[in-house]
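# Kindly generate the corresponding structure for this input.
(one chain, ligands or ions: 1)
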Amino acid sequence: MLTQDLLNIAQEYGSPVYVYDAGKITAQYERLNSAFAKAKSLRIHYAVKALSNLSVLKLFKQLGAGLDTVSLQEVQLGLAAGVDPKKIIYTPNGVSLAEIEKVAALGVQINIDNLSILEQFGSKHPDVPVCVRINPHVMAGGNANISVGHIDSKFGISIHQIPHLLRIVENTNMTVNGVHMHTGSDILDIGVFLYATEILFETAAKFKDLEFIDFGSGFKVPYKEGDVATDIEELGDQLTDRFNQFCADYGREITLAFEPGKFLVSEAGYFLAQVNVVKQTTSTVFAGIDSGFNHLIRPMLYGSYHGITNISNPDGRNRFYSVVGYICETDTFAQNRQISEITEGDILAFSNAGAYCYSMASNYNSRYRPAEVLWYNGEAHLIRKRETMDDILNNQVELDFAV
Ligand SMILES: *Cc1c(COP(=O)(O)O)cnc(C)c1O
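Alright, predicted model coming up:
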């Protein structure tokens, strides 16, 4: 996508607005497919929670991807997008048995991550095959907020509880057709990740009815120049060799599965916002935009970095700005960042805005959530309208104090 395309979109659809480049999503999907091409059977489940717009899900369906879902509603969105329930995996944490039963009834592959629910589900529905989420207790990344494989984590069934897990499976006569792990959000070191997979292979060998092994995600994408990204090709090469060896030892071919979110959509996304005010204080120049953490919370929630370009003046002289929002709380997107000279009214483009941006947006300060646009085949398509006052009032029940 060109800068001019983004500017045109901001002009046509207003700001703030999210823009996703379907070409980039497709390229990432294909890159992952070729990295693991040596696997005889490969399934990529796109993690819906990263970006759950229906048209994006339809794009993934068209590409041949399955979906990874974490709620009944995400499953329903996937089905609404026309995805085959057999290509949907449901990997929730801390949800009720009742919700898991509803999802199973839709024909979706369920994945259970605690022994209590596993035992209850297995006793009631021994004929429904389930996948089990294992916690190998490996820290894949450095940030404890987004690493979910370590010892204190609430995710998965601890590898130290495998004997108990096997007893439940035997007693209930249920079938385990998959084993799964999702160690965290950032694979910085392939060696550490492969170490975790060894633990998973060891666990997998204990189940005789496996159809797949799901290695979760955690593929790191670059956010700024010099960032370490996961070397997907190297990982693909090493893991598929090891996986094929596992299949040979296991005695038959099973499917290698992944469920990336960020890798597939992060870099495809741009968030466009307009500068309302340039405010010079004694120490800082603030650029205040027509948005805040109601629309993009990642920098405030976990300190994530998003590149910011002034697309209205791409060739101007660089100056230092603190980019802030309009929310009546501290909502700093970037501190003392070098950005091409900003004039009020300019449009700023935030990069890496595809994953966990719109899907985490809220109505805080009673602001509307932005529109979403998909750039597909060289054209902009509106895929979600900007909210209106009706959306803010919807579901509010007005109490009539006069009565
Ligand atoms: C969030 C999530 C993913 C996707 O993680 P990314 O870091 O976006 O790739 C995959 N699997 C499960 C179970 C998740 O909860």
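
# low pLDDT regions in the stretch 151-300 of the chain?
Along the stretch 151-300 of the chain, the model assigns pLDDT under 70 to residues 151-152, 184-185.

# which residues in it form strands?
157-158, 176-180, 212-214, 255-258, 269-280, 285-289 (DSSP state E, counting those that start in this stretch).

# just checking, what packs against the first one?
In other words, strand 157-158. Of the remaining helices and strands, those touching strand 157-158 by 3 or more CB pairs under 8 Å, 6 or more residues apart in numbering; DSSP states H and E are strand 130-135. (C-beta placed from N, C-alpha, C; glycine too.)

# re earlier: can you redo the strands of the stretch 151-300 of the chain as JSON lines with distance to the ligand?
Conversion of the strands of the stretch 151-300 of the chain to JSON lines gives the following (distance: least, CB to the nearest ligand atom, whole Å):
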{"stretch": "strand 157-158", "distance to the ligand": "13"}
{"stretch": "strand 176-180", "distance to the ligand": "8"}
{"stretch": "strand 212-214", "distance to the ligand": "8"}
{"stretch": "strand 255-258", "distance to the ligand": "8"}
{"stretch": "strand 269-280", "distance to the ligand": "13"}
{"stretch": "strand 285-289", "distance to the ligand": "25"}
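
# Find the closest residue to the ligand in this structure.
When distances are taken as CB to the nearest ligand atom, the chain approaches the ligand most closely through Gly261, which lies 2.8 Å from it.

# and this protein, which of its residues are near the ligand?
Those residues of the chain that sit near the ligand, judged by CB under 6 Å from any ligand atom, are 47, 49-50, 68, 70, 91, 182, 185, 216-219, 259-263, 355.

# So which of the residues you listed are in helices?
Using DSSP state H to define helices, the subset of the residues of the chain next to the ligand located there is 262-263.

# Is it possible to mark the buried ones in the residues of the chain next to the ligand?
Neighbour-count burial (16 or more other CB atoms under 10 Å) is assigned, among the residues of the chain next to the ligand, to 47, 49-50, 68, 70, 91, 182, 185, 216-219, 259-263, 355.

# just to revisit the earlier point, wait, which of the strands of the stretch 151-300 of the chain is closest to Tyr305?
strand 269-280 (13.4 Å; CB to CB).

# Pull out the buried residues from that closest one.
Neighbour-count burial for strand 269-280 [16+ other CB under 10 Å]: 269-275, 278.

# go on, stretch 374-382?
Judged by neighbour count using 16+ other CB under 10 Å, the buried positions of stretch 374-382 are 374-376, 380.

# repeat for stretch 88-100
Under the neighbour-count rule (16+ other CB under 10 Å), stretch 88-100 has 88-92, 95, 100 buried.

# could you dump stretch 84-99 to PDB, C-alpha only?
As requested, the backbone C-alpha atoms of stretch 84-99 are provided in PDB (Å, rounded to 0.1, in the frame of the first residue of the first chain):
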ATOM      1  CA  ASP A  84     -16.200 -25.400   8.200                       C
ATOM      2  CA  PRO A  85     -16.700 -26.200  11.900                       C
ATOM      3  CA  LYS A  86     -14.200 -29.100  11.400                       C
ATOM      4  CA  LYS A  87     -11.500 -26.400  10.600                       C
ATOM      5  CA  ILE A  88     -12.200 -24.500  13.800                       C
ATOM      6  CA  ILE A  89     -10.500 -25.200  17.100                       C
ATOM      7  CA  TYR A  90     -11.800 -23.800  20.300                       C
ATOM      8  CA  THR A  91      -9.100 -23.100  22.900                       C
ATOM      9  CA  PRO A  92     -10.600 -21.300  25.800                       C
ATOM     10  CA  ASN A  93      -9.400 -20.700  29.300                       C
ATOM     11  CA  GLY A  94     -11.500 -20.600  32.400                       C
ATOM     12  CA  VAL A  95     -14.900 -21.000  30.600                       C
ATOM     13  CA  SER A  96     -17.800 -23.000  31.800                       C
ATOM     14  CA  LEU A  97     -18.600 -26.600  31.000                       C
ATOM     15  CA  ALA A  98     -21.900 -25.400  29.500                       C
ATOM     16  CA  GLU A  99     -20.100 -23.200  27.000                       C
END
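
# And the contacts of that stretch?
Taking CB atoms under 8 Å, 6 or more residues apart in numbering as the criterion, the residues outside stretch 84-99 that touch it are 43, 45, 65-72, 75, 78-79, 100, 103, 106-111, 113, 117, 120-121, 131, 133, 154-155, 180, 182, 214, 257, 259.
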